[in-house]
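Enquirer: Just the structure for this:
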Amino acid sequence: MKKKFSTVIEWTIAIVLLILCYRLSFLSYGHFSALKAHEFSEKTMHYGPSKIIKEVALKNRKVYLCKYKDWISADVVEKGIIKWHSGSSLFGYPIDYTKKVSSTWGASGAYEKKESLLTVIGYANDPTITTIIVETVKEKSSDIETLKYKLDDSHMFIFTITDKKATYLPKTVKGLDKDGKVVYEERLTY
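Expert: Residues are numbered from 1 along each chain as shown. Next up, the predicted model:
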């Protein structure tokens with residue numbers, strides 16, 4: 001009887017320790033899909049649920065370009081060892097219908113010893129704009145990189161740049177018509 005009681009106590013302690021280890025481990029946080037991590041991220045920010053317009057897959061990250069009512073947003077989720085977690089940024093921006101193009105940007109990771117990520121998002125209000133161009137510059141450099149995005153029926157755009165060694169900053173956003181003529185240009189500030 002004494003041995004049976006001792007075995008029950010040992011197994012009870014073992015089970016309690018296993019439950020404690022599980023609750024304190026990385027397995028108890030995050031989600032098994034990037035989409036669930038994105039949905040959780042929006043809930044924690046009291047935003048959405050939004051309509052996903054585009055998903056950009058990067059190394060160990062996904063960026064969701066979304067629209068919710070008169071707002072656009074970009075949400076970054078990151079892959080952990082096993083699960084997906086809310087990333088370093090969910091940023092939304094109200095669409096300004098008085099402007100030809102509403103745009104905003106966010107940067108993350110550079111100061112966290114991770115690969116830096118620049119994200120530029122926007123909405124083209126002018127129906128004559130068919131292409132968006134974003135010019136970026138490396139921090140502490142004058143090297144300009146030009147990125148081009150062909151608009152679809154959503155009139156929304158997203159640009160992402162990742163780099164381990166440098167942080168990129170946006171310089172200008174331009175809207176081009178079907179003939180390649182610049183019909184909108186805005187210098188971005190930071």
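Enquirer: most centrally placed residue in the protein?
Expert: residue 76 (2.3 Å; Cα atoms, centre = their mean).
Enquirer: CA atoms only: put the top strand by length along the chain into CSV for me.
Expert: The strand that spans the most residues within the chain, counting by DSSP state E, is strand 84-94. The C-alpha coordinates for strand 84-94 follow below in CSV (Å, rounded to 0.1, in the frame of the first residue of the first chain):
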residue,chain,number,x,y,z
TRP,A,84,3.5,32.2,-35.6
HIS,A,85,3.4,35.3,-33.4
SER,A,86,2.3,38.9,-33.8
GLY,A,87,5.2,40.8,-35.3
SER,A,88,6.7,44.1,-34.4
SER,A,89,4.0,46.2,-36.1
LEU,A,90,0.4,46.5,-37.1
PHE,A,91,-0.2,49.9,-38.5
GLY,A,92,-3.3,51.4,-40.0
TYR,A,93,-3.9,54.5,-41.9
PRO,A,94,-7.2,56.3,-42.8
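Enquirer: Go ahead and name everything in contact with stretch 74-94.
Expert: Residues from elsewhere that reach stretch 74-94 (Cβ atoms under 8 Å, 6 or more residues apart in numbering): 26-27, 29-34, 36-38, 40-42, 44-45, 47, 60-66, 68, 70-73, 102-104, 106, 108-109, 112, 117, 119, 121, 158. In this view, the C-beta of every residue, glycine as well, is placed from N, C-alpha and C.
Enquirer: about what we covered before: pairing partners for the residue nearest to the centre of the chain in the sheet, please.
Expert: With DSSP bridges as the criterion, residue 76 is bridged to residue 63.
Enquirer: For burial, what's the neighbour tally of the residue nearest to residue 154 when sequence neighbours are not counted?
Expert: Spatial nearest neighbour of residue 154, excluding adjacent residues (Cβ to Cβ, 6 or more residues apart in numbering): residue 53 at 4.9 Å. Close neighbours of residue 53, defined as other Cβ atoms under 10 Å, add up to 20.
Enquirer: Can you tell me the element residue 53 falls in?
Expert: Using DSSP states H and E, residue 53 maps to strand 51-58.
Enquirer: Show me what counts as buried in that strand.
Expert: Neighbour-count burial for strand 51-58, counted by 16 or more other Cβ atoms under 10 Å, picks out residue 53.
Enquirer: Stretch 163-175 too?
Expert: By neighbour count on 16+ other Cβ under 10 Å, the buried set for stretch 163-175 is 166, 167, 168, 169, 170, 171, 173, 174, 175.
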